[in-house]
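*Asks:* missing the sequence, but the structure's below:
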Ligand code: SF4
Ligand code: SF4
Ligand code: FES
């Protein structure tokens, strides 16, 4: 079930109903979470009847159709539309994912769209990711190598490069962290699966000279060991990555070092 950080004293209300004006026989009902802090009003669920004729296949296409043809006031993030930038992450049909890669045909019945769970909502489907980005910055996600040549490539063996597979593909969409109960309750202290997967990516980079320091930095009761291996994160990742495994690998490295 989706959990949303609501504005104080607010209760989600039934919102506006936008009836189809096209006369199409191919309609779907789309329920969208709406909240605009500047109005002082409670959040609401608006319902749109969307003509699915001439609507491409993804949930993002449905939202674009609503914004372009029915209600331009709706706010959501998107950029690449190809599952690369991570900005269109939201909760669809009770599951976190990327709106630009999620086919609407996979959703039976009404299409329910909410912001990512447990983030402070800035407006409509836009969650506040500033804590997550601060945590990302804290793991210093860049190569640390005093011999880092500036004019030539910094090579590594094919085997060492292969160790980064399943990690470098992370697009920091936050689908995993916002589906993790430990991150919901301790998001200010626990780094969460997205940031820990990124931390592991740099810990095992053969070209990096600060493995020990990086490990020491995350070896913390709150930052790392709040993970209880519930696996929600891995189930939620739209890129098919396994942050729970990355976290377990960090723990193993610490236990054996
Ligand atoms: S495995 Fe760890 S990080 Fe993933 S959902 Fe569970 S507690 Fe969160
Ligand atoms: S691990 Fe997957 S779900 Fe988590 S931030 Fe990276 S791409 Fe998104
Ligand atoms: S818009 Fe870039 S991942 Fe969806």
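*Replies:* Noted; the coordinates are in hand. Here the structure is a predicted model, which means the values were calculated and not measured. Ligands and ions are numbered 1, 2, ... in the order given.
*Asks:* got the domain boundaries for the chain?
*Replies:* 10-127, 130-145+158-256 (automatic domain parsing).
*Asks:* got JSON lines for those domains, with mean pLDDT and distance to ligand 2 too?
*Replies:* Quick note: C-beta positions are derived from backbone N, CA and C, even for glycine. JSON lines is the format used below for the domains of the chain (pLDDT from 0 to 100; distance: least, Cβ to the nearest ligand atom, whole Å):
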{"stretch": "domain 10-127", "mean pLDDT": "96", "distance to ligand 2": "6"}
{"stretch": "domain 130-145+158-256", "mean pLDDT": "96", "distance to ligand 2": "3"}
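*Asks:* List just the one of those that sits closest to residue 151.
*Replies:* Counting by Cβ to Cβ, residue 151 lies closest to domain 130-145+158-256 out of these; the figure is 14.3 Å.
*Asks:* Helices of the stretch 101-250 of the chain, start to end?
*Replies:* 130-138, 158-162, 181-186, 192-203, 211-218, 232-236, 243-256 (DSSP state H, counting those that start in this stretch).
*Asks:* any idea which of these is most buried?
*Replies:* Mean neighbours per residue, mean count of other Cβ atoms under 10 Å, is largest over the helices of the stretch 101-250 of the chain for helix 192-203, with a mean of 26.
*Asks:* how big is the angle separating that helix from helix 211-218?
*Replies:* Interaxial angle, helix 192-203 versus helix 211-218 (axes from the mean of the first three to the mean of the last three Cα atoms, to 10 degrees): 160 degrees.
*Asks:* ok, which stretches of the stretch 51-200 of the chain are strands?
*Replies:* 89-92, 95-98, 111-114, 121-123, 126-127 (DSSP state E, counting those that start in this stretch).
*Asks:* Can the last one be said to contact ligand 3?
*Replies:* Read that as strand 126-127. No: counting by Cβ under 6 Å from any ligand atom, ligand 3 has no neighbours in strand 126-127; the shortest distance is 13.1 Å.
*Asks:* List the strands paired with that strand, with their directions.
*Replies:* Strand pairing for strand 126-127, determined by DSSP bridges: strand 121-123 (antiparallel).
*Asks:* Residue 109: which of the helices of the stretch 101-250 of the chain is closest?
*Replies:* Closest to residue 109 of the helices of the stretch 101-250 of the chain is helix 232-236 (Cβ to Cβ; 21.3 Å).
*Asks:* So the closest residue to residue 127 other than its chain neighbours versus residue 184, what's the distance?
*Replies:* Distances taken as Cβ to Cβ, 6 or more residues apart in numbering place residue 119 nearest to residue 127, at 3.3 Å, with adjacent residues excluded. Distance, residue 119 to residue 184, by Cβ to Cβ, to the nearest Å: 10 Å.
*Asks:* Next, show the common contact partners of the two.
*Replies:* Residues touching both residue 119 and residue 184 by Cβ atoms under 8 Å, 6 or more residues apart in numbering: residue 178.
*Asks:* so what's the residue of the stretch 51-200 of the chain with the smallest separation from ligand 1 up against?
*Replies:* Closest to ligand 1 within the stretch 51-200 of the chain is residue 180: 3.1 Å, counting by Cβ to the nearest ligand atom. By Cβ under 8 Å, 6+ apart, the contact list for residue 180 reads 192-193, 227, 230, 232-233.
*Asks:* which parts of the stretch 151-257 of the chain sit against ligand 1?
*Replies:* 180, 182-183, 193, 227-233, 243-244, 247.
*Asks:* Alright, I will stop here.
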